[in-house]
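[1] sequence unknown, structure follows:
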């Protein structure tokens, strides 16, 4: 029976904590004003980096905010205030924006370096739970993360205050994202190893170029055409003159069909046997578009050509397998 009561009490406490922290986040909305907008414009115009600084739990929140900013197009890194006092302050340069976080606004390590940061020429944005604190008054801008109470039943462990500060940091990052016109493609460039990054791979990122492109001149004899197809390993070759403008293609499938119909097939030149107006793709197209085109045409290779029809590369179905492009 006691276990049932304990389980029930745990659920009651968990729900209470979530309610307190949710209320803390909602309470920030009324604190947002023109200062928030000014901070967005400050960071958007920043030619340097956003340096996040905080101690203890606030430092952990700083690291997450800095990571979110960096991944959404705002160069940012975390600097430990204690390390900054002992030489790492040199990581801050004129033009940087320092985002200093302290719930009390009285963190000694932060307060000690505020004058030094200002001498360097960086601007300070403070996020505190106390607008009358020393850090809030010493900063160039102050954003309030004030809460009515912590979720900790003892009123000691940073809980609602860190949650609220983290949410305010997310609000900053997302407002900046929109202000910068940051797009999915931009996000993908900063996450090349993730699924989204793969979705936005371009043909040029995967294609084979240079000497790897199977290519012969229009006057090339058929046995040399076959050698080029086999040697480059794509089962197809492009036919182009010295200007590399694509005139046609010839594949091993074309060879088989030609041999069935023409006993003199091997006497032909590339120009006589080639397929004109083949399917091609621009190197700047998404890799997913190349895959879709191959599936529609029931082919395994595509030549990549620029706007003037010049060959730039070839992409094979094997290059696209396993990339989860859709």
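    Good, I have the coordinates. Keep in mind it's a predicted model, so treat the numbers as computed, not measured.

[2] when you work out contacts or count neighbours from here on, use the C-alpha atoms and nothing else.
    Fine.

[3] any weak-confidence spans in the protein?
    1-5, 191-198, 322-326 (pLDDT under 70).

[4] and the helices in it?
    2-28, 34-45, 57-71, 81-85, 108-120, 134-138, 160-180, 184-189, 195-199, 203-206, 222-232, 252-261, 270-273, 287-297 (DSSP state H).

[5] and the last one, what does it pack onto?
    The reference is to helix 287-297. Applying 3 or more Cα pairs under 8 Å, 6 or more residues apart in numbering; DSSP states H and E, one finds that helix 287-297 contacts helix 203-206, strand 301-305.

[6] and of the helices of the chain, who's closest to residue 95?
    With distances scored as Cα to Cα, the stretch of those nearest to residue 95 is helix 108-120 (8.8 Å).

[7] buried stuff in the closest one?
    Across helix 108-120, burial judged by 16 or more other Cα atoms under 10 Å covers 109-111, 113-114, 117-118.

[8] export the residues you listed to JSON lines and tack on distance to residue 219?
    Converted to JSON lines, the buried residues of helix 108-120 look like this (distance: Cα to Cα, whole Å):
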{"residue": "109", "distance to residue 219": "77"}
{"residue": "110", "distance to residue 219": "76"}
{"residue": "111", "distance to residue 219": "78"}
{"residue": "113", "distance to residue 219": "75"}
{"residue": "114", "distance to residue 219": "75"}
{"residue": "117", "distance to residue 219": "71"}
{"residue": "118", "distance to residue 219": "72"}
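
[9] how close does residue 81 get to residue 278?
    Plainly put, residue 81 is 62 Å away from residue 278 if you go by Cα to Cα, to the nearest Å.

[10] correction: the previous question concerned residue 302.
    Residue 302 sits 9 Å away from residue 278, going by Cα to Cα.

[11] so for these two, which sits in the more crowded spot?
    residue 302 (23 against 15; other Cα atoms under 10 Å).

[12] report the contact partners of residue 232.
    Residues in contact with residue 232 (Cα atoms under 8 Å, 6 or more residues apart in numbering) are 212-214.

[13] among those, which ones are buried?
    213-214.

[14] mind listing which of the contacts of residue 232 are in strands?
    The members of the contacts of residue 232 all map outside strands under DSSP state E.

[15] what about residue 217, neighbour count?
    Around residue 217 there are 17 residues (other Cα under 10 Å).

[16] hmm, residue 229 is touching residue 235, no?
    Yes. With contact defined as Cα atoms under 8 Å, residue 229 reaches residue 235; the gap is 5.0 Å.

[17] shared neighbours, those two?
    251-252.

[18] more crowded one of these two?
    residue 229 (21 against 18).

[19] the more buried one: what's it in contact with?
    214, 235-237, 251-252.

[20] any idea how far residue 60 lies from residue 74?
    Taken as Cα to Cα, the span from residue 60 to residue 74 is 19 Å.

[21] quick one: which of the two has more around it?
    Between residue 60 and residue 74, counting by other Cα under 10 Å, residue 74 is the more crowded of the two (22 against 16).

[22] tell me the phi and psi of residue 96?
    Dihedral angles of residue 96 (phi, psi; degrees, to the nearest 10) stand at phi -70, psi 160.

[23] quick one: buried residues of stretch 300-320?
    300-305, 309-316, 320.

[24] quick one: which of the residues you listed is nearest residue 37?
    The closest of those, once distances to residue 37 are taken by Cα to Cα, is residue 320, at 43.7 Å.

[25] go ahead and confirm that closest one touches residue 287.
    Yes. Counting by Cα under 8 Å, residue 320 touches residue 287, with 7.4 Å between them.

[26] save the helices of the chain as CSV, and put in distance to residue 154 too.
    Output for the helices of the chain, formatted as CSV (distance: least, Cα to Cα, whole Å):
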stretch, distance to residue 154
helix 2-28, 12
helix 34-45, 32
helix 57-71, 17
helix 81-85, 28
helix 108-120, 24
helix 134-138, 26
helix 160-180, 13
helix 184-189, 41
helix 195-199, 43
helix 203-206, 55
helix 222-232, 72
helix 252-261, 77
helix 270-273, 84
helix 287-297, 55
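
[27] tell me which of those sits nearest to residue 97.
    Taking Cα to Cα, helix 34-45 is the member of those nearest to residue 97, at 6.9 Å.

[28] can you list the residues that contact that closest one?
    Contacts for helix 34-45 (Cα under 8 Å, 6+ apart): 50, 97, 125, 141-143, 172, 175-176, 179-180.

[29] that older thread, out of the buried residues of helix 108-120, who's nearest residue 242?
    Distances from residue 242 to the buried residues of helix 108-120, taken by Cα to Cα, are shortest for residue 117, at 60.9 Å.

[30] so how far is residue 29 from residue 287?
    42 Å.

[31] alright, I will stop here.
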